[in-house]
Every structure is written in structure tokens, then in C-alpha cells.
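> This is the structure alone, sequence omitted:
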Ligand SMILES: *Cc1c(COP(=O)(O)O)cnc(C)c1O
């Protein structure tokens, strides 16, 4: 029943976020949230913003937060754009930069929100297949494109794109905008931020949701040439002047200032990732090399869907997609050490139950 729905949205299949369970406490490894709380400084800034001033609108330009982000990233405030989560920033990029007569390109296996935005805006697009190991080949990106979206490191594979490949794509597409979605870059990939000065067509998009443990606050931002930022402001100010509320602006600023806390949580997550990767390999999984806070894994003897269901029954949520090429893969977010130990133990049980014999080494690592 889509009576009264505009023809623009009648055929859209919206993005499906990972499950946020309300009924019982799961170990949540399905939406790449950070297992550690936000920085105490972020919470302190939010507390200070909680008061009578909430009757007033927030700063529509988020000046203070933009100044802080600029200072920490070696840029000017006019090179920073803020959004209500990076999803909103990405959504605003479509009307800001792309033309309806030239298809935008992105990988066939990447963040599944891009094709949804494209359809919402009636923007034609072309998906470029990753190679059989899910590596991005630059060659197909060097043609005549209406715009490019790269995800570095990629989701859901976790693979990083080398900076020289990003440069090659920027240089081959000088007349269109190349967006690099760096949602997970802090977990081990090299940012394209350092080449913003060299490429007026480069837009780097970041989020506070993953590495800053602030998914609940909804803060994302973009960095690029002031001209690109002005285009995004034109879209934003034609849509909603106040996309970030006072608490979000304050909390994000506190988080950015807490350099030490950020360093410590990133270190913990990266070492937990490396432990988990080792155990999963000993359990017979193939694991994509990850520069993100998740692992993309597949087992030769047990279908991913069965593993996902088995884990769910044991109180652990992971992400599985019924999609071509990746239907036998699971994306597992990195939690705390004890979350990952529980995950590996549950996988060991599931494999044993299925009569799959395990390396003694796997058991030893779990002791
Ligand atoms: C999580 C994610 C986002 C969205 O982040 P928000 O800031 O929470 O909206 C964008 N891109 C990718 C690739 C992501 O994984």
C-alpha cells in the first residue's frame, strides 16, 4: 500500500541498519560500535552543555567544533563541514556534487547506503566489482565518471586502499568530486587528509561514531577544499539549518580534545583485533586483512548464515548479508577481549557440533 507516496520513493528499498535489540542483552558485534565508553571529557562537555541554554537554538555553523577539528587536522575552519552523522554528510554530497546525466561509481561490495542515496536522488550509478580477494583495482576508476565514492578502509571487508591508488583516481577524475569515506580510518589505514591541499576535488568524510565511541550522539564531518564545503553548506542550509544539537556539538569537541583516551582505546581495539584474527584462522576461517574495527570472515565448512543463527542463539549478534559474492561471509565487530573470547568459544562449539575437527592450537589460545 503506497497510496500518496511520491513516485520518487515508491521503488526505493531503504538501507537496513544492524539490529539494535531491545529484549535481552546480547554481545553486540553487528554494527561496528565501539565497545568502550566515550571519553570522560566528551561526557563532561555534554554535561556542561545540559542547562538553560538548551532553550536556545545551537550555532547553525558549529563554529567552535569546526575550529577544533580544523586545528587538529591541520586545516582551516572553512574546510570543515558538520553533519548529523556522516550518513547525513554523504546524503548531502549527492545533490551537492553529482549530475543526473553522469553515473557516479563505487565498488560492488561496499557501504550499502550509497546506492540507496543514489536512488533517492535519481542519481545514476555504476558498481565496479572488487577483485576476487576484495581488493580495489584502480583501472576501472580511471575513466569518465560523474563522481567517485571510495571507502577507506572498505566496509564490510576491512581492506585499506593505498594512498597512491587514491591519488591515481583523483588525478584521473579532475573534473568531478572524489569522496573518500574514512569511517574506520583511525583503526589503521592511511588518511587522504594529507593530500587535501593538492586536490580541489577531494572530499574526506569522517564520523565520530566508531573510533570516538559516539554513535549515539550522531556527529560526522567532511574535510576538503573550501569550495566543496561551501557547496555542502548550500545543501544543508536549504534543508535544515540546525543539523547538530548543542549536546552533540559539545560532546564531539570534548572527544577531539581527549587525545590520550583516543590513543588508548584505538590501541586496545587493534590488539584485540589481532588476537581474534589469530584464533579465527586457527579455527579454519579465512579472514580479510582488516584495517578497521571489524573482521570479514568465511568458513569453508559451515555456511555463514548458519553460523550467524547459531551465534544469535548463543547471545552474540554479528552481521550477515544475503547478497551475491558475500553470502558466505560474516562481519564481526571488534568488542572487548572478553566479548571476543565469548565469540571464539561460541564458534568453537558450533564447529565442534557440526563435526568439524579443530586444531589443538585453537583450544589452547582460548584457555
Ligand atoms: C558507520 C558508517 C557510516 C555512518 O556513520 P554515522 O556517522 O554513524 O552516520 C558511514 N560510512 C561507513 C562506511 C560506515 O561504516
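Right, received. Where do you want to start? Small disclaimer: the values here were computed from a predicted structure and weren't measured. Numbering: from 1, shown residues only.
> In contact with the residue nearest to residue 135 when sequence neighbours are not counted, which residues?
Distances taken as C-beta to C-beta, 6 or more residues apart in numbering place residue 159 nearest to residue 135, at 6.5 Å, with adjacent residues excluded. Just so you know, the C-beta spots here come from the backbone N, C-alpha and C atoms, and that holds for glycine as well. Residue 159 sits next to 134-136, 153, 288-291 when contact means C-beta atoms under 8 Å, 6 or more residues apart in numbering.
> and which of these is nearest residue 167?
Using C-beta to C-beta, residue 136 comes nearest to residue 167 of the contacts of residue 159, at 13.5 Å.
> circling back: of the contacts of residue 159, which pair is most distant in space?
136 and 290 (14.8 Å).
> neighbouring contacts of the helix or strand where residue 91 lies?
Using DSSP states H and E, residue 91 maps to helix 86-97. By C-beta under 8 Å, 6+ apart, the surrounding residues in contact with helix 86-97 are 81-83, 113-114, 117-118, 120-121, 123, 147, 149, 176-177, 179, 181, 183, 203, 205-207, 209, 218, 220-222, 228, 231-232, 234-236, 239, 243.
> and whatever helix or strand comes next after it with the ligand, contact?
Next along the chain after helix 86-97, taking DSSP H and E as the criterion, comes strand 104-107. No - on the criterion C-beta under 6 Å from any ligand atom, strand 104-107 is out of touch with the ligand, staying 10.7 Å away.
> which bits of the stretch 151-300 of the chain sit near the ligand?
151, 155, 181, 183, 207, 209, 215, 220.
> list the contacts for the last one?
Spelled out, it's residue 220. Here residue 220 is in contact with 82-89, 205-209 (C-beta under 8 Å, 6+ apart).
> What is the neighbour count of whichever residue of the stretch 51-200 of the chain sits closest to the ligand?
Going by C-beta to the nearest ligand atom, the ligand is nearest to residue 85 of the stretch 51-200 of the chain, at 2.9 Å. The tally of other residues near residue 85 (other C-beta atoms under 10 Å) stands at 21.
> That one against residue 206, yeah?
No - at 10.8 Å, residue 85 does not count as touching residue 206 under the criterion of C-beta atoms under 8 Å.
> on that earlier part again, the residue nearest to residue 135 is in what secondary structure piece?
Counting by DSSP H and E, residue 159 is part of no helix or strand.
> Residue 172 versus that one, what's the distance?
When C-beta to C-beta, to the nearest Å is the yardstick, residue 159 and residue 172 sit 21 Å from each other.
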